[in-house]
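In: Structure for this input, please:
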Amino acid sequence: MDEVHATNMEMNERALRRDVGQICRLLYQKNFVPATDGNVSVRWGDRYLITTPSGVCKGLIRAADLVVTDLNGAPVLEHNDAANPRRPSSELRMHLEIYRRRPDVRAVVHAHPAITTALTVAGVSLLPCILPETLVNLGSIATTAYATPTTEAVPVVVGDLIEDHDALVLDRHGAVTVGATLMEAYTRMEKVEDTAQVIMTARMLGRVQTLPIDEVRRLGAKRDALLGPERHFAGPDCAQCGACEGLPEIDRGQRR
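Out: A predicted model of the protein is given here:
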């Protein structure tokens, strides 16, 4: 039984390493991770994470470059390449905080999509309810306070909001998305940048018009019907229109 378990673990590790590499290449092709920016991680069983290394271009990353850590962020020597030692991502602490706060999350993607980041520099929020697909698939998109990248401040500002959101914009530092799978976390990043592009374009063309309150309520109910009431629609930080107050399934102070 032990040999079978070990074989299954090895096969699962290979598959996850392959999948992380695929997501990294998609991010690079979309220009979401210029240079060596961004990081990706995925849970491997209940004890480990597989994460991108520090200082490696995501478009060139190999399965052997990825780093296995425990849930405290320490590399697990027997699962890493001794001939090609790598340090885990400098933002791993943010990932660890997200997994701690959100046991439902299995994958985390942090990228630097240009328009999303530019809107934070301009002081423009993605929080207003504008696109129905965004509301149903992501819920509201909040922006964190500014935190110096790679410091302990990043997991603090992210941890304050991640329990109520599947996607966050980091002030001047891109965005982070979570999911039950790597692909779900990745597609949510695409949706964040798409929303940012629509907002930027709408502001260039004229006034940005938000959805009517009644429609926001309908979309919130639809999200609950599709994903279950435990999947949050808006966090307590959202006070844009009061629509969420009218959703009977939502307890905005306690939802996850």
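In: By mean pLDDT, point me to the weakest helix or strand of this protein.
Out: Within the chain, confidence by mean pLDDT, DSSP states H and E is lowest for helix 2-29 among all helices and strands, at a mean of 83.
In: Can you list the low-confidence ranges for this structure?
Out: Under the criterion pLDDT under 70, the flagged ranges of the chain are 1-10, 229-256.
In: and if we set it to 80?
Out: Under the criterion of pLDDT under 80, the regions of the chain flagged as low confidence span 1-11, 77-78, 80-85, 227-256.
In: ranges for the strands of this structure?
Out: If DSSP state E is used as the criterion, the strands of the chain fall at 39-44, 48-51, 67-70, 107-111, 142-143, 167-169, 175-179.
In: For my notes, please list these in a markdown table and give distance to residue 188 for each entry.
Out: Where C-beta positions appear, they are placed from N, C-alpha and C, glycine not excepted. As requested, those are arranged in a markdown table below (distance: least, Cβ to Cβ, whole Å):
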| stretch | distance to residue 188 |
| --- | --- |
| strand 39-44 | 13 |
| strand 48-51 | 18 |
| strand 67-70 | 23 |
| strand 107-111 | 8 |
| strand 142-143 | 14 |
| strand 167-169 | 5 |
| strand 175-179 | 4 |
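In: Most tightly packed of these?
Out: Highest mean neighbour count of the strands of the chain: strand 107-111, a mean of 30 (counted as mean count of other Cβ atoms under 10 Å).
In: who's in contact with that one?
Out: Strand 107-111 has contacts (Cβ atoms under 8 Å, 6 or more residues apart in numbering) with 23, 27, 32-33, 37-43, 91, 94-95, 98-99, 170, 174-182, 184-186, 188-189.
In: List the neighbouring strands of that strand plus their orientation.
Out: With DSSP bridges as the criterion, the sheet partners recorded for strand 107-111 are strand 39-44 (antiparallel), strand 175-179 (antiparallel).
In: Pipe these into CSV and attach distance to residue 132 per row.
Out: Formatted as CSV, the entries for the strands paired with strand 107-111 read as follows, by distance: least, Cβ to Cβ, whole Å:
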stretch, distance to residue 132
strand 39-44, 28
strand 175-179, 19
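In: so which of these gets nearest residue 195?
Out: For the strands paired with strand 107-111, proximity to residue 195 was assessed by Cβ to Cβ; strand 175-179 is nearest, at 10.2 Å.
In: Leaving out sequence neighbours, find the closest residue to residue 111.
Out: Leaving out its chain neighbours, the residue that sits closest to residue 111 by Cβ to Cβ, 6 or more residues apart in numbering is residue 32, at 4.0 Å.
In: can you pull out the helices in the chain?
Out: Using DSSP state H, the helices of the chain run over residues 2-29, 92-101, 114-121, 132-138, 153-162, 182-205, 213-227.
In: Residue 181 touches residue 106, doesn't it?
Out: Yes: the pair residue 181 / residue 106 is scored as a contact, 6.3 Å apart, by Cβ atoms under 8 Å.
In: which ones are touching residue 138?
Out: By Cβ under 8 Å, 6+ apart, residue 138 lies in contact with 166, 167, 188, 191, 192, 195.
In: Which one of the residues you listed sits in the busiest neighbourhood?
Out: With neighbours taken as other Cβ atoms under 10 Å, the top of the contacts of residue 138 is residue 192, carrying 28 neighbours.
In: Might you report the residue contacts of it?
Out: Going by Cβ under 8 Å, 6+ apart, the list of residues near residue 192 reads 113, 116, 126, 138, 141, 167, 169, 175, 177.
In: how about a cut-off of 6 Å?
Out: Contacts for residue 192 (Cβ atoms under 6 Å, 6 or more residues apart in numbering) come out as 116, 167, 175.
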